[in-house]
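Enquirer: Sequence first, predicted model second:
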Amino acid sequence: MPHVEPLREGDPSAVGPYRLVGRLGAGGQGVVYLGQARNGQPVAVKVLRDDLAGESRFAETIAAARRVEPLNVAQIVDASLTGRPYLVSEYVDGPPLRRAGRHTGAELQRLAVGAATALAAVHRAGLAHGDFTPDAVLLGPGGPRVIGYGLGETRVTAASGIAGIPAYMAPERLAGQESDQAADVFSWGCVVVFAATGAPPFGDDALPAVIDRIMHGEPVLGDLPQPLRTIVQGCLAKDPALRPDMRQVMLQLLGGDDQPLLPQKGKPVRRGRRAVRRALIAGVSGVLVIALAGAIVWLTPSDPAQPVAGRKPQGLASATPAAVATTTAPPRSVRILSVRARSAAGTPSPSASPSADSDAASASPSAGACVEGAALVSGLVEGSASPMTFRYVWIVDEIVVLRRAAAIDATLTRYVRRPPAITKPGPHTVTLRVTAPVTAQRTVTVEVCP
């Protein structure tokens, strides 16, 4: 069992129906305890800071985290944001990767595949991990399990300082931008290098030196073997737009160098025997292989492939060749239904409207009026199928301020995450741009009162 500290003075003895028996760790959002459910089952109970209870964003994040598919993650089993807020997840009886020593061969491959699978599941739920480090990977009896997903600090600011471990942070996060799924891909690459070499790729010495290397230097990968080395190099690209998404990383890990991500027109479909053999050697369980085969629709990329170290991404030819040969994925399309701006002074979210004319009419609280205090901009998109993922960016005054991916659910519509509130007085142009699987955009102009 991982090291468990005794409860300290001032620690609660119970929260909700869970009895607390020891401390597992602490972070910026609260303290994690080893707890017991009423049936005696051990659980990990994260008691959150009181100020998080009223955050609607946090409640939405927890709801999404509970929908993450159970692939190499410690599942969220309970949560409460009333009274003393807490979050309960499966307890993983194993040490964190940070204390587990170096990994080589099949052990390293298992770790890389397991962590990539977990992050792909998190991203599919529309979340970003936000704080993926060797402490977020527990090595349980059933293999690596990722914890803390969706709840990490997302931004570095002058006021808050650096929340998290800088050696595993993406350059855009260190620059003060909001973290997204592309930052998780960068962190995954850093964690894999740590697992293989015992040190993160940009070092872990003096903070200014580490930050300078992440922003401007080249990673040190040691004796990281191929093809993992090439995959990690692509994940550590400085520009988040040049990194693969986590789904592509997972497919590359399973498929090796010689498997096309999709059947190419006029060419025979590879049967994937080498890919399956590699997956089995890497220790991927039969449950995971079945899950991958069953999720063939969402694993098929809906966005243009992104370059990885100058070559085309490679992926897994399915372990069920007949399914690949006979299934034709429906066209993936996303359109923007509305983009609207409103005051941040507590007015309700705008209702969806499929009419382009109604977007123009509702672009601001009232035609020609300025917004008091701060402006919030929201967008609603519609997808052609469910489930599917899409990518989008928010651009404010020609500067990209938010880059994310999201999932379309059974309703076929999705409110995308808002960009940061606009507080600078004067007129501003705000654009929501969908970048994959198709390109589309809508723009509104909003003026903040002086």
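Expert: Here it is on my side, so go on.

Enquirer: going forward, measure contacts between C-alpha atoms and count neighbours the same way
Expert: Fine.

Enquirer: thinking residue 341 is in contact with residue 446, fair?
Expert: Yes: with contacts counted by CA atoms under 8 Å, residue 341 reaches residue 446, the gap being 6.6 Å.

Enquirer: So if I had to pick from these two, which one is more boxed in?
Expert: Counting neighbours by other CA atoms under 10 Å for residue 341 and for residue 446 shows that residue 446 has the greater number, 27 against 23.

Enquirer: hang on, the more buried one in a strand?
Expert: Yes: the assignment for residue 446 by DSSP: H, G, I helix; E, B strand; the rest coil puts it in a strand.

Enquirer: List the contacts of it.
Expert: For residue 446, the residues meeting the contact criterion (CA atoms under 8 Å, 6 or more residues apart in numbering) are 341, 363-364, 370-371, 375, 427-430.

Enquirer: Let's see that with 7 Å instead.
Expert: 341, 364, 427-429 (CA atoms under 7 Å, 6 or more residues apart in numbering).

Enquirer: Inside strands: which ones of those?
Expert: Using DSSP state E, the members of the contacts of residue 446 that fall within strands are 341, 427-429.

Enquirer: Now do the helices in this protein.
Expert: When secondary structure is read from DSSP state H, the chain shows helices at 56-65, 105-124, 171-174, 181-197, 207-216, 228-235, 246-255, 273-281, 286-294, 296-299, 321-326, 356-361.

Enquirer: hey, least reliable of those helices by pLDDT?
Expert: Averaged per stretch, pLDDT over the helices of the chain is lowest on helix 296-299, reaching a mean of 29.

Enquirer: what's the distance between residue 343 and residue 419?
Expert: In this structure, residue 343 lies at 14 Å from residue 419, with CA to CA, to the nearest Å as the measure.

Enquirer: what do you get for residue 390?
Expert: Distance of residue 390 to residue 419, computed by CA to CA: 17 Å.

Enquirer: I'd say residue 383 and residue 408 touch.
Expert: Yes: using CA atoms under 7 Å as the test, residue 383 is close enough to residue 408 to be in contact (6.3 Å).

Enquirer: Any stretches of this protein with poor pLDDT?
Expert: Per-residue confidence of the chain (counting by pLDDT under 70) places the weak regions at 1-2, 27-28, 50-58, 150-164, 178-179, 256-331, 344-368.

Enquirer: residue contacts, the residue nearest to residue 6 when sequence neighbours are not counted?
Expert: Leaving out its chain neighbours, the residue that sits closest to residue 6 by CA to CA, 6 or more residues apart in numbering is residue 22, at 4.8 Å. When contacts are counted by CA under 7 Å, 6+ apart, residue 22 is found next to 4-7, 33-34.

Enquirer: bridging residues for residue 22?
Expert: Judged by DSSP bridges, the bridge partners of residue 22 are residue 34.

Enquirer: ditto for residue 389
Expert: Each beta-bridge partner of residue 389 is listed here: residue 407, as defined by DSSP bridges.

Enquirer: any idea how far residue 61 is from it?
Expert: Distance, residue 389 to residue 61, by CA to CA: 17 Å.

Enquirer: Counting neighbours around each, name which of those two comes out higher.
Expert: For residue 389 and residue 61, the more surrounded residue by other CA under 10 Å is residue 389, and the numbers stand at 26 against 18.

Enquirer: just checking, that one touches residue 412?
Expert: No: here residue 389 does not reach residue 412: they are 10.9 Å apart, not a contact under CA under 7 Å.

Enquirer: pretty sure residue 181 contacts residue 128?
Expert: Yes: under the criterion of CA under 7 Å, residue 181 is in contact with residue 128, at a separation of 4.9 Å.

Enquirer: Give me the more crowded residue out of these two.
Expert: Taking other CA under 10 Å, residue 181 and residue 128 do not tie; residue 128 has more neighbours (29 against 24).

Enquirer: give the contact list for the more buried one.
Expert: Applying CA under 7 Å, 6+ apart to residue 128 gives the contacts 122, 149-150, 180-181, 184.

Enquirer: Nearest residue to residue 395 in space, ignoring adjacent ones along the chain?
Expert: Counting by CA to CA, 6+ apart, residue 395 lies nearest to residue 431, which is 5.0 Å off, once chain neighbours are set aside.

Enquirer: typo on my end, residue 412
Expert: The shortest distance from residue 412 to any residue that is not its chain neighbour, by CA to CA, 6+ apart, is 5.2 Å, and that residue is residue 383.

Enquirer: beta partners of that neighbour?
Expert: According to DSSP bridges, the partner residues bridging residue 383 are residue 334.

Enquirer: which non-adjacent residue is nearest residue 126?
Expert: When the adjacent residues along the chain are set aside, residue 126 lies closest to residue 406, with 4.5 Å between them (CA to CA, 6+ apart).

Enquirer: which residues does the one you found contact?
Expert: Taking CA under 7 Å, 6+ apart, we find residue 406 in contact with 126, 389-391.

Enquirer: Which of those are buried? Put it as a PyMOL command.
Expert: Only the buried members of those enter the following PyMOL selection, criterion being 16 or more other CA atoms under 10 Å:
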select buried, resi 126+389+390+391
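
Enquirer: Distance to residue 336 added to the contacts of residue 406, as TSV?
Expert: As requested, the contacts of residue 406 are arranged in TSV below (distance: CA to CA, whole Å):
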residue	distance to residue 336
126	17
389	14
390	12
391	12
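
Enquirer: Which one of the contacts of residue 406 is nearest to residue 212?
Expert: Taking CA to CA as the measure, residue 391 is the one of the contacts of residue 406 closest to residue 212, at 29.2 Å.

Enquirer: Do I have it right that that closest one meets residue 432?
Expert: No: under the criterion of CA under 7 Å, residue 391 lies out of contact with residue 432, with a separation of 10.7 Å.

Enquirer: Look up how far residue 403 lies from residue 410.
Expert: When residue 410 is compared with residue 403 (using CA to CA), they lie 23 Å apart.

Enquirer: And the two? Which one has more around it.
Expert: More crowded of residue 410 and residue 403, by other CA under 10 Å: residue 403, with 23 against 12.

Enquirer: All good on my end, thank you.
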